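**Student:** need a 3D model of the sequence below.
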Amino acid sequence: MVRKIRLLCLFMMLLPAVLSAQQIKTAYGQTYAIFEDDTHTLPDAHISVLDAKDSTLVKGGASGADGRFTIRFTAAKDKRYLLKVSYTGMEPAFRKLDSEADTVDMGRILLKEGVELAEFTVTAPMSEIAQVGDTTIINAEAYKTPEGSYLEELVKRIPGLEYDATDKSLRYNGKPISSIHVNGEEFFSGNNRMALENLPVELISKIKVYDKRSELEKVTGVRSGGENFVLDIQTKGELGGALMASAKAGRGNNGKKELELVGNYFRQSGENLSLIANSGNRHMTTRHKDNIQNIVGTNFTVKPVERISVNGNLSYMGNRDGSQATGFAEEYLTSGNRYRLSGDESTNQQRAINSYAGLIWEIDDKTFFNLFGNFNLMQADNANSNRQVMFDADPGADLSDPFAHTDNLPEEMKINDIRMRSLSSNRMSSYSLSANLTRKVNEKGSSVSLVFTHSRNRSDNESFMKSSTTYYRLRDGMGNDSILHRVQSHLSPSAGRDQSIGLMFTHPFTGKFNLQLSYNLARNTQGSDRNTYDLSAFIDGETDDIRPGHLPAGYETGYIDSLSNRSEGRTLAHELALRMHYSDDRWDVNAGLSVRPEQRGIDQKTGLLQADTATRIIGFQPSMMAVWKKEKFQIRFNYQGNTQQPALTDLLSLTDNSDPLNITRGNPGLKPAYNQSIHLDLNDSRRDIGAYLNWNNTIHSFTRTVIYNLQTGGRESYPVNINGNWGGNVTVRYQKRIRKFRIGAHTGSSYNRNVNLVNEGQSEQPERSITRSTGLNSNLRLSFLPQWGSFDLIGHWWFQHSHNSLRKNDNYTRNYSITLNNFANLPGNLQLRSDATYLFRSGTNISSGDDQFIWNAGVTWRFMKKKQGELSVYWSDILSRKKDYNRNVTADGFYERRTQQIGSYFIVSFRYSFNRMLQK
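**Tutor:** Modelled structure (predicted):
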């Protein structure tokens, strides 16, 4: 016993010496991957602490979903240690751990692709889509496109990418793509059209889709905004440092023409320079002889020194287009629906200059500064001539010529007939500036950020309108139909300013958990005028040469006080937010709550009446984004909530009767609305299957109670709050490639419930109009991909049913389409391409003559020594069967619009391309 006590005492005496020879060390940092020299955060990298003498493993771990890692180990004072970061297929990186500090910041650790496996040859089908952490990587070379194609042609072939050619918008697995980048850098800052129509497919190696964080979020590690998905184009390594340029000219029938000059220079580091100029109307299909689109733009990214990156662009766009369209509307009422036929012809001319510049500066390892700004100018001129006729029974008209038999219909059916000609000119200018400065204040990584924004905008709108309205149910003094003639001009200047300044503190409690507290002060002012003038005295008979900017002398005498107004609004807001970020091997979670008290006020004068109001409102904005992953399976959940304040003008009780058929007024009792949405995404890249679900709901949503005048067909509306608006959709997708064959399929359904209020007799309790819409859709794509071409057979089915509660109306629409899209490379450097689509539809008010068979074909011949020359002939809509229909169902009605198309045309083009290596 005495011996044991002596040994214990000896151990207690030696313990301090043993402890003094050891040290608990903590190393932290963030791992990045360089895929073809493009930097991106790398999750699940293996982190090892090694004995520097014999490479014995001391401690192991892994980086989190955002690439961050923290590793603790016991260090002996007489030993040296190495940190090793490795990942399958990447070159490992080593860092010395010589610092005697307890906590060591390892900073950014970069890994590169390209580990060579000697004496092994692997032959396997080309991988199409891979999931690396939160990033989807798409192998562009797996999707064949005709030679000379641009990015627009490629995205149409990639499963999961939904492309709308009308507005050039993109969605990936249901998530909207906010912008397109090249090698991680902005490309024309969100102008997707410039990238889609001008980036050649031949320079693209991969496409990445990921939720891109802002520069401030990257530094702090905490999300302060919502999701921001981008399409990041990765250029081919062998083309890095090469200038790719091309010039193209083409001419065809129906006034078709195109001129194009494109130059692109990209480096894998992200530096780039692009010059784009094109003019033409090749893809403009409406019936207007002067259709033209002109674009000149430049985009650049430079990194003059190691820690500074500058990105910017400047573009000019000039468009001139026109359209002829017809429409049908059915408005839901309790006493019997109203029907409206319309036809209009419009021409539009727009000129715009847009610019953007951004500076990212890592001043030192602890200080970061970001500066962004843009400036925009725009002028738009519009001329429109239209006619609308309203009935209390379905006129049964054909949209190809809706007024062909209107005069033969009994007048008892007619409510009103409006003929109007209008001209307008709008000049707008705006600029914005935002900056943030972040400083890490301790070794643990706590940081303080200062954020500032400032923006201004101004608009000057001038319009001229001449109209004649016949009221079939009102009589004049002679007992005839009452007719209202109006000749008016409106001058409407407006201006606004936004400013905010905020402070943000972020603290990493552990290597996995960060917490952020922020305060922001924001101020907004907005002023607008509308001055209305009666110009009847200046119009001689049917002549009306008055136009915006050329008002006659003395027009001020026609000022109409009752139809003019002035308003000035102001908002002062304080925003306090608490946000957190947690990340480990399986989870990546961002959650937060923002509370925003606002003081709002508005003064408005309409005619001789004046009103002002002031409100104090508190808004809430909760959010949560969570990602769980295991190997190649991933679940992504996103919840967003937001309090939406009513427009200040909607809070005033003043009445605007400038349009006698559409009178509006405000509602001082209007409450804020609360919008919430849920997105759930499941992706199993091992089995090539996925699904996503969207749901949205609005509490106290804004709608307008409509009071109908049964004699004139006019309506008076005011805003109210209502509940019951919600909707959702779910989609399941699958794709598989077997040798030279690929199959892709997706199917989904949607449901929407829209509520509106209708008041026909000006009763105290308006009727609720509820429209329930159900949609089903499915798509099947079969592809054959030989070495010499590509053949796609695509079948699509879309069904929608809507039911309205007022009149128990049911509307059906069924669309079916079959498409064969193919191209083939032939001997002699010839390429044939053809796409044919048969589209037929059935349902409410749809005739068999609405079917379409659209067939396009082209041939391309490449010649010269390096195939730099390209001669092509393209024939669009060979059978001249293209039609443009657009249907929409809301809580208050059913609407359809048809836009006239130009029909068949061809164009012959010559293109010359060259590549020149400027820097290896």
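
**Student:** alpha carbons only for contacts and neighbour counts from here, please
**Tutor:** Fine.

**Student:** buried set for stretch 597-610?
**Tutor:** 598-607 (16 or more other Cα atoms under 10 Å).

**Student:** please apply the same query to stretch 885-900.
**Tutor:** So, applying 16+ other Cα under 10 Å, buried residues of stretch 885-900: 889-900.

**Student:** quick one: which of the buried residues of stretch 597-610 is nearest residue 332?
**Tutor:** residue 606 (31.7 Å; Cα to Cα).

**Student:** do you know the pLDDT at that closest one?
**Tutor:** Note for residue 606: predicted pLDDT of 79.

**Student:** ditto for residue 920
**Tutor:** pLDDT, residue 920: 53.

**Student:** please name the nearest non-neighbouring residue to residue 328.
**Tutor:** Distance criterion Cα to Cα, 6 or more residues apart in numbering; nearest residue to residue 328, sequence neighbours excluded, is residue 341 at 4.9 Å.

**Student:** okay, now the sheet partners of the helix or strand containing that neighbour, with direction.
**Tutor:** Using DSSP states H and E, residue 341 maps to strand 338-364. Partner strands for strand 338-364, per DSSP bridges, with pairing direction: strand 308-331 (antiparallel), strand 367-391 (antiparallel).

**Student:** with residue 836 as the reference, name the closest of those.
**Tutor:** strand 308-331 (25.1 Å).

**Student:** next one: the closest one to chain centre, how far?
**Tutor:** Here the centre of mass of C-alpha atoms in strand 308-331, compared against the chain's by Cα atoms, centre = their mean, to the nearest Å, lies 14 Å away.

**Student:** list the buried residues for that strand?
**Tutor:** 309-331.

**Student:** residue nearest the centroid of the protein?
**Tutor:** residue 178 (4.3 Å; Cα atoms, centre = their mean).

**Student:** show me which of the buried residues of stretch 885-900 is closest to residue 759.
**Tutor:** The closest of the buried residues of stretch 885-900, once distances to residue 759 are taken by Cα to Cα, is residue 892, at 11.7 Å.

**Student:** is that closest one in contact with residue 331, as I believe?
**Tutor:** Yes - between residue 892 and residue 331 a contact is recorded at 5.8 Å, counting by Cα atoms under 8 Å.

**Student:** pLDDT-wise, which helix or strand of this protein ranks last?
**Tutor:** Between all helices and strands in the chain, the lowest mean by mean pLDDT, DSSP states H and E belongs to helix 2-20, at a mean of 44.

**Student:** what is the burial count for the closest residue to residue 422 other than its chain neighbours?
**Tutor:** Closest residue in space to residue 422, ignoring its immediate chain neighbours: residue 465 at 4.3 Å, by Cα to Cα, 6+ apart. By the criterion of other Cα atoms under 10 Å, residue 465 has 22 neighbours.

**Student:** picking up where we left off before, would you agree the residue nearest to the centre of the chain is in contact with residue 227?
**Tutor:** No - with contact defined as Cα under 8 Å, residue 178 does not count as touching residue 227 (9.4 Å).

**Student:** what are the ranges of the helices in the stretch 651-800 of the chain?
**Tutor:** Using DSSP state H, counting those that start in this stretch, no helices are assigned anywhere in the stretch 651-800 of the chain.

**Student:** please work out how many residues are found near the residue lying closest to residue 473 once chain neighbours are set aside.
**Tutor:** Spatially, and ignoring its direct neighbours in sequence, residue 473 is nearest to residue 711 (5.5 Å; Cα to Cα, 6+ apart). The local packing of residue 711 (other Cα under 10 Å) involves 12 other residues.

**Student:** for residue 711, which residues are in contact?
**Tutor:** Going by Cα atoms under 8 Å, 6 or more residues apart in numbering, residue 711 touches 415, 471, 473-474.
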